[in-house]
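**Q** Mind folding the following:
(chains A and B)
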Amino acid sequence: METIPSRSTGVVLNPVRAVLIGVEKHWTWYRRNWRATAISSFLQPVLFLVAMGFGFGSQVQPGEATGGQTYLVYLAPALVVVTAVQNATWESTYAVLSAFIWQKSYWGAVVTPVTPAQICYSQLTWIAFRLVSSAAVFLAVAAALGAVSGPGVLLALPFAVLAGLAFAAPVVAFSATRETAEGFSGLFRFVVIPMTLFTGAFFPISQLPEWLRPVAWITPVWHGVELARGATFGTLRLLPALGHVGYLVALTAVGVVLGRRYFQRRLAV
Amino acid sequence: MTTAEPLLVRAHGLTKHFGDFEAVRGIDVEVRRGEAFGFLGPNGAGKSSTMRMISCTSPRTGGELSVLGLDPNTQGPLIRARLGVVPQTDNLDTELTVRQNLQTYGRYFGLSRAEARGKATELLEFAQLVDRADHEVEPLSGGMKRRLTIARSLINDPDLLLLDEPTTGLDPQARHLLWDRLFRLKQSGVTLIITTHYMDEAEQLCDRLVVMDGGKIAAEGSPSELISRYSTREVLELRFAPGEQEAVVPSVVDLAERIEVLPDRLLLYTKDGEGALNAVHGRDVRPLSSLVRRSSLEDVFLHLTGRTLVD
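**A** So this is what the prediction gives:
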């Protein structure tokens, strides 16, 4: 069969560009609708910082457990990580399911030259962008409130984003298998909330019963908090740092592989 | 349609299974450039599954398929770059503006920002949405959303436009406006493939069509060919109180080439509807009402499958 000469202006984008065009579309949406996301992504953690850092923290004596810092300063880098993981949860559950079943925007994209895998990568890249920007805004506010001791806290940002992605990538894959939002409330209640409260951000996990500590070790938040706080206060050692980063990268990679598979399975049936 | 035009779609023994369910059970289809081709059939006939295979978003289970001379299994993105697809359910970005929907879509096809902007402006005109250009999509009427979806599918000047039930769920006025837009596309030489369960839509838009039922092709031809092959020129409809129509059959059976008994009426297929009606009156048969009309694709479908299309 002969090939048909094209009159169409459409072409296939190279893979990197295809992913970036998907991100551009998220950006177009965000420019119109960012106000709606501002409260959950940035105001909420600031309220946390004020309540826990200033309010509760005023009752905590700086000591060994806080690395000699005031509780507010001790908390700030960890809260960057907690915030990133919370934002990651939102961006990788409802936003993804909506693109499958409510807005159906993935279905609109999949009939263009882009592939299901590229759609998945665009979503994850967009989430990474959101994590970077909301963490940066949070750090700026924390600095304005006097919650940071020095520029070292900037090192918390990349680690927070990595921890956020290590959680977002598997959750994006999970969301791609959902037909309804029912599973999400369980995820919030039984995974996200305990994971943010009991994994070292607000108090050291040495305070947990010994049998519970391994549960904290498998969460991305614990690894992220160890990295962020250690980097901020200069106590991070190379070998543990490599271990934490390696674990978070591995979680991200597993999420990406599963996400690609589930997007393909769902969008090309 | 001259046979010199190249085949844009060629399917041979095409099948699609979902688990044990056979949605498409071995169909042969050929669509040439410049044609307006239709898949007519009831819900569940396999039309949408076929369309999704042609649009290279659903891998085929078996058989051969080439689209624009390429194999969807290996050249999906390359084919999709040159297709326009109007899905059965709108998947517009309802939180973006009308114009943004067009522009962001164009970017997926490799248009530069300036090209996407220019094309969007042109398509806003075509879809009669100029005064809504910078409004959000969400509050638009069903007909407007549908026109926007069609406009969006044209953003890459497609070589082949696939429309899956383009007017289902619209009111008559909105349907006629859409038909007018699709007719203009057809006139400008765009190749169209349309699925529908509306016979009037198929008659209006399609040069050639296949009737699908149960995953198979029941008949193929132009609307007028199908009507002359499977039906008579005219139809006499006799309406009765429910339950009475069966009893009348013996007294009118010789007046028509064929009779269909529907729940509320009899359809008498004949060359001369008025003549048959006069004869019916002469035999003291008293229908509640009567109607003489020309045969339509609905009658073809009824003859081929024993069922009406939209039930």
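**Q** in which helix or strand would I find residue A:169?
**A** Element membership for residue A:169 (DSSP states H and E) is helix A:156-175.
**Q** which parts of that helix are buried?
**A** A:156-157, A:159-175 (16 or more other Cβ atoms under 10 Å in any protein chain shown). Glycine gets a C-beta too; all of them are placed from N, C-alpha and C.
**Q** among the residues you listed, which are in reach of chain B?
**A** Filtering the buried residues of helix A:156-175 for proximity to chain B by Cβ under 8 Å from any Cβ of the partner chain leaves nothing.
**Q** Heading C-terminal from the helix holding residue A:169, find the next helix or strand.
**A** Next in sequence after helix A:156-175, counting helices and strands by DSSP H and E, comes helix A:182-187.
**Q** Of all the residues in that following helix, which ones are buried?
**A** For helix A:182-187, the buried set under the neighbour-count rule, 16+ other Cβ under 10 Å, comprises A:184, A:187.
**Q** Check stretch B:66-84 too.
**A** Those would be B:66-72, B:75-84, for stretch B:66-84 by 16+ other Cβ under 10 Å.
**Q** just checking, next helix/strand downstream of the helix-or-strand element of chain A with minimal mean pLDDT?
**A** Within chain A, no helix or strand scores below helix A:44-48, which has a mean of 86 by mean pLDDT, DSSP states H and E. On the C-terminal side of helix A:44-48, the closest following helix or strand by DSSP H and E is helix A:71-92.
**Q** same question for that following helix, mean pLDDT?
**A** Regarding helix A:71-92, the rounded mean pLDDT is 94.
**Q** That helix close to chain B?
**A** No - Helix A:71-92 does not reach chain B (Cβ under 8 Å from any Cβ); its nearest approach is 15.4 Å.
**Q** So what angle separates the directions of that helix and helix A:156-175?
**A** 30 degrees (axes from the mean of the first three to the mean of the last three Cα atoms, to 10 degrees).
**Q** Tell me which residues of the helix or strand just after helix A:71-92 come out buried.
**A** Moving toward the C-terminus from helix A:71-92, the next helix or strand (DSSP H and E) is helix A:94-97. Neighbour-count burial for helix A:94-97 flags A:95-97 (criterion: 16+ other Cβ under 10 Å).
**Q** Kindly report the same for stretch B:280-293.
**A** Neighbour counts using 16+ other Cβ under 10 Å place B:280, B:285, B:287, B:290, B:292 of stretch B:280-293 among the buried residues.
**Q** Same check on stretch B:237-257?
**A** By 16+ other Cβ under 10 Å, the buried positions in stretch B:237-257 come out as B:237-240, B:245, B:248, B:252, B:255-256.
**Q** Can you list the low-confidence ranges for the chain?
**A** This is for chain A. A:1-2 (pLDDT under 70).
**Q** Wait, chain B was what I had in mind.
**A** The low-confidence ranges in chain B, as defined by pLDDT under 70, are B:1-3, B:308-311.
**Q** you'd agree residue A:235 is in a helix?
**A** No - assigned with DSSP: H, G, I helix; E, B strand; the rest coil, residue A:235 falls outside any helix and is coil.
**Q** Could you pull up the contacting residues of it?
**A** Contact analysis of residue A:235 by Cβ atoms under 8 Å, 6 or more residues apart in numbering or on different chains lists A:67, A:229.
**Q** Repeat that for residue B:100.
**A** If you count contacts by Cβ under 8 Å, 6+ apart, then residue B:100 has A:28, A:32, B:93 around it.
**Q** Can you point out the buried residues in the helix or strand hosting the first one?
**A** When secondary structure is defined by DSSP H and E, residue A:28 falls within helix A:15-38. Taking 16+ other Cβ under 10 Å as the neighbour-count basis, helix A:15-38 is seen to contain the buried residues A:18-26, A:28-29, A:37.
**Q** Quick check: the gap between residue B:71 and chain A.
**A** 9 Å (Cβ to the nearest Cβ, to the nearest Å).
**Q** my guess is that residue meets residue B:59, correct?
**A** No - using Cβ atoms under 8 Å, residue B:71 is not in contact with residue B:59, being 10.9 Å away.
**Q** need the residues of the stretch 1-150 of chain A near chain B, please.
**A** Counting by Cβ under 8 Å from any Cβ, the stretch 1-150 of chain A sits next to chain B at A:1-4, A:6-13, A:18, A:21-22, A:24-25, A:28-29, A:32-33, A:103-105, A:107-115.
**Q** among these, which ones are buried?
**A** Neighbour-count burial (16+ other Cβ under 10 Å) applied to the residues of the stretch 1-150 of chain A next to chain B gives A:4, A:8-13, A:18, A:21-22, A:24-25, A:28-29, A:103-105, A:107-115.
**Q** which ones among those residues are found in helices?
**A** Using DSSP state H, the members of those that fall in helices are A:18, A:21-22, A:24-25, A:28-29, A:105, A:107-109.
**Q** who's in contact with whichever residue of the stretch 101-250 of chain B sits closest to chain A?
**A** At 3.3 Å from chain A, residue B:156 is the closest residue in the stretch 101-250 of chain B, using Cβ to the nearest Cβ. By Cβ under 8 Å, 6+ apart, the contact set of residue B:156 is A:8-10, B:81-82, B:84, B:106, B:109, B:111.
**Q** got it, and residue B:261?
**A** By Cβ under 8 Å, 6+ apart, the contact set of residue B:261 is B:245-246, B:249.
**Q** got a list of what the most centrally placed residue in chain A touches?
**A** Nearest to the mean C-alpha position of chain A, by Cα atoms, centre = their mean, lies residue A:164 at 2.5 Å. Residues in contact with residue A:164 (Cβ under 8 Å, 6+ apart) are A:81, A:84-85, A:87-88, A:127-128, A:131, A:220, A:224.
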